[in-house]
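Q: Everything below, folded, please.
(4 chains)
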Protein chains: 2
Amino acid sequence: MRESQVAEARPYHHGDLSRALIDAARRLLEAEGPSALSLRAVAREAGVSPAAPYHHFKDKGELLEAVAGEGWDMLDAAIARARAQAPSIHQALNEIGVAYVCFARDNPALYRVMYDTARDREALPGDMATINKDSAYCKVRDTLIEAGGADPRDPIDIELATTAAWCSAHGLAEMSGFKQFAHLKDALGGEEAFFRAIFQHMGLGLPRTPN
Amino acid sequence: MRESQVAEARPYHHGDLSRALIDAARRLLEAEGPSALSLRAVAREAGVSPAAPYHHFKDKGELLEAVAGEGWDMLDAAIARARAQAPSIHQALNEIGVAYVCFARDNPALYRVMYDTARDREALPGDMATINKDSAYCKVRDTLIEAGGADPRDPIDIELATTAAWCSAHGLAEMSGFKQFAHLKDALGGEEAFFRAIFQHMGLGLPRTPN
DNA sequence: TCTCAATCTTAGCGCCGTAAAGATGTCTTG
DNA sequence: CAAGACATCTTTACGGCGCTAAGATTGAGA
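A: You can find the predicted model right below:
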């Protein structure tokens, strides 16, 4: 080591700062929470000046969008895994739901950023169907049809059923970290059991009876 | 008018600044959105100096808690109205759900503040049952029992069913403003029809069939 | 009336997002 | 290989933020 400098004096032009910034943001996000994620802190974490990110992202929002994008990819992968491992089609829906909520529980800050950035934008889960055939939304939709929870010949019904399932899971995901459920989780023997019980009550994908 | 001053030079000690600050916050919140709500802006809106609020609230969070508290009161009232007006017990659940989501749609920024402050705290909807017998949570729970969606002799089942319903509604409420549902809302002839259709698919409070 | 405590203001700290302008290194073209 | 064009990064600076400390003002109780 030619210098006692620990960070060994980053070279000329850094190489791939976009990548480094996104990684730094994700690190900070899960370590300190969403409120602590400032653009300056990200730059600090990546070892560059506060203005450097602006050569790779238009503003803070655009960096967060990039972070959120990776989040959606991770979520897609988790849903795919859950669906592949489910023993039956009827269990698949519950497994997908549990996987969804577990993702939110394990990446709470990332999950919030994903929806915060999706809120304002034009594209959102419902629209992902048109963008990405491997999206979690499509997997939920197809599983729902296969399980008999939606009429495969009625596009509106399909979208409604998928949206209903998605919203239910999102609601639980948003509240999964709330401390008041602690006694329910204890009573049921763990968080996943709690999630499963809630999904049971939601009756996702079950044939609907008239009201 | 003794002065061309429009705001006519606020008197000695203002009178009830807490109240004025909460009102100013709510005004700003719905006018400019949650991100625009700074403590300084609230003070400006109320016509006092940036430091004045600190004599009434420990910090920004405490002011937001006060705002959120009024939000929960408003929500309780809306739920009570919906339940009272429902013609049948089975329709009551759907009406409550629709009222809940309409509240979130009509007060989006307030709704976010309500959950943002609830997230960190110890108390939350599930816990409100112990605090306020008139809370929306209790109304949902009682209606659920009456409709046969929960076993009245199983406290755990009651809480699970209520939580499931609550989470479903919250999920839809959170996403109710997403622009991608526009075509569904159009196809169904309005926002409320869309909410109703989603709740229909969720099957809230219906007797559950085994999985 | 005098004092005191509550309330409000001014001033200032360090943080933030962002813009403008200068420095530094790479790439292209002759 | 030289030289200018270009991308990338840094420095500096602006206004706004949450919050604190110290000083001014005022209403209320002794």
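Q: Helix, strand, or coil at the closest residue to residue A:185 other than its chain neighbours?
A: With sequence-adjacent residues excluded and distances taken as Cβ to Cβ, 6 or more residues apart in numbering or on different chains, residue A:185 is closest to residue A:194, at 4.5 Å. No exception for glycine: its C-beta is placed from N, CA and C like everyone else's. What DSSP: H, G, I helix; E, B strand; the rest coil gives for residue A:194 is helix.
Q: Might you report the residue contacts of residue A:194?
A: Residues near residue A:194 by Cβ atoms under 8 Å, 6 or more residues apart in numbering or on different chains: A:181, A:184-185, A:188.
Q: same question, residue A:89
A: A:143, A:146-147.
Q: got a winner among those residues for most neighbours?
A: Greatest neighbour count in those, by other Cβ atoms under 10 Å in any protein chain shown, goes to residue A:143: 25 neighbours.
Q: Would you confirm that it contacts residue A:93?
A: Yes. Between residue A:143 and residue A:93 there is a contact under Cβ atoms under 8 Å: 5.7 Å.
Q: tally of neighbours for residue A:139?
A: Using other Cβ under 10 Å, the number of residues around residue A:139 comes to 20.
Q: For the residue nearest to residue A:151 when sequence neighbours are not counted, give its distance to residue B:62.
A: With Cβ to Cβ, 6+ apart as the criterion, residue A:151 has its nearest non-adjacent residue at 4.5 Å, and that residue is residue A:157. From residue A:157 over to residue B:62 the distance is 47 Å, taken as Cβ to Cβ, to the nearest Å.
Q: now do residue A:166
A: The spacing between residue A:166 and residue B:62, counted by Cβ to Cβ, is 35 Å.
Q: between those two, which one's more packed in?
A: Comparing residue A:166 with residue B:62 by other Cβ under 10 Å, the one with more neighbours is residue A:166, at 24 against 14.
Q: how near is the more buried one to residue A:140?
A: Using Cβ to Cβ, residue A:166 is found at 6 Å from residue A:140.
Q: what do you get for residue A:89?
A: With Cβ to Cβ as the criterion, residue A:89 and residue A:140 are 13 Å apart.
Q: again, but for residue A:120
A: From residue A:120 over to residue A:140 (counting by Cβ to Cβ), the distance is 23 Å.
Q: the helices in chain A, which residues?
A: For chain A, applying DSSP state H gives helices covering A:17-32, A:39-46, A:60-85, A:89-106, A:108-120, A:125-131, A:136-147, A:155-175, A:182-188, A:191-202.
Q: Just name whatever secondary elements the fifth one is in contact with.
A: I take that to be helix A:108-120. Other helices and strands packing on helix A:108-120, by 3 or more Cβ pairs under 8 Å, 6 or more residues apart in numbering or on different chains; DSSP states H and E, are helix A:17-32, helix A:60-85.
Q: what's the domain layout of chain A?
A: Domain assignment for chain A, taken from automatic domain parsing, gives A:1-57, A:67-202.
Q: Of all the ones you listed, which one comes closest to DNA strand D?
A: domain A:1-57 (3.0 Å; Cβ to the nearest atom of the strand).
Q: Near DNA strand C, which residues of chain A? Just list them.
A: Along chain A, the residues adjacent to DNA strand C under the rule Cβ under 7 Å from any atom of the strand are A:12-13, A:37-41, A:50-51, A:54, A:59-61.
Q: So how do I select the buried members of the residues you listed in PyMOL?
A: Selection of buried members from the residues of chain A next to DNA strand C for PyMOL, criterion 16 or more other Cβ atoms under 10 Å in any protein chain shown:
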select buried, chain A and resi 37+39+60
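Q: any idea which of the residues of chain A next to DNA strand C is closest to residue A:174?
A: Among the residues of chain A next to DNA strand C, residue A:37 lies closest to residue A:174 (Cβ to Cβ), at 18.7 Å.
Q: I figured that closest one hits residue A:25, correct?
A: Yes. If you go by Cβ under 8 Å, residue A:37 and residue A:25 touch, sitting 6.3 Å apart.
Q: Need the residues touching each of these two.
A: residue A:64.
Q: if we can go back for a sec, more neighbours: which of residue A:120 and residue A:140?
A: Higher neighbour count among residue A:120 and residue A:140: residue A:140, with 28 against 13, using other Cβ under 10 Å.
Q: Wait, the more buried one touches residue A:168, no?
A: No. Applying Cβ under 8 Å as the test, residue A:140 and residue A:168 come out as separate, 10.7 Å apart.
Q: low-confidence ranges in chain A?
A: Residue ranges of chain A with pLDDT under 70: A:1-14, A:122-133, A:204-211.
Q: for DNA strand D, what are the nearby residues on it?
A: So chain A meets DNA strand D at A:13-15, A:17, A:48-52, A:55-56 (Cβ under 7 Å from any atom of the strand).
Q: try 10 Å this time
A: Applying Cβ under 10 Å from any atom of the strand, we find that chain A lies next to DNA strand D at A:10-18, A:20-21, A:38, A:40, A:43, A:46-56.
Q: out of these, which are buried?
A: A:17, A:20-21, A:43, A:46, A:48, A:52-53, A:56.
Q: got a list of what the residue of chain A found nearest chain B touches?
A: Going by Cβ to the nearest Cβ, chain B is nearest to residue A:171 of chain A, at 2.7 Å. Contact analysis of residue A:171 by Cβ under 8 Å, 6+ apart lists B:166-174.
Q: ok, of those residues, which one's closest to residue A:116?
A: For the contacts of residue A:171, the nearest to residue A:116 is residue B:174 (10.9 Å; Cβ to Cβ).
Q: can you pull the contacts of residue A:167?
A: Counting by Cβ under 8 Å, 6+ apart, residue A:167 makes contact with B:168, B:171-172, B:174-175, B:198, B:202.
Q: at 6 Å instead, please
A: Residues in contact with residue A:167 (Cβ atoms under 6 Å, 6 or more residues apart in numbering or on different chains) are B:171-172, B:175.
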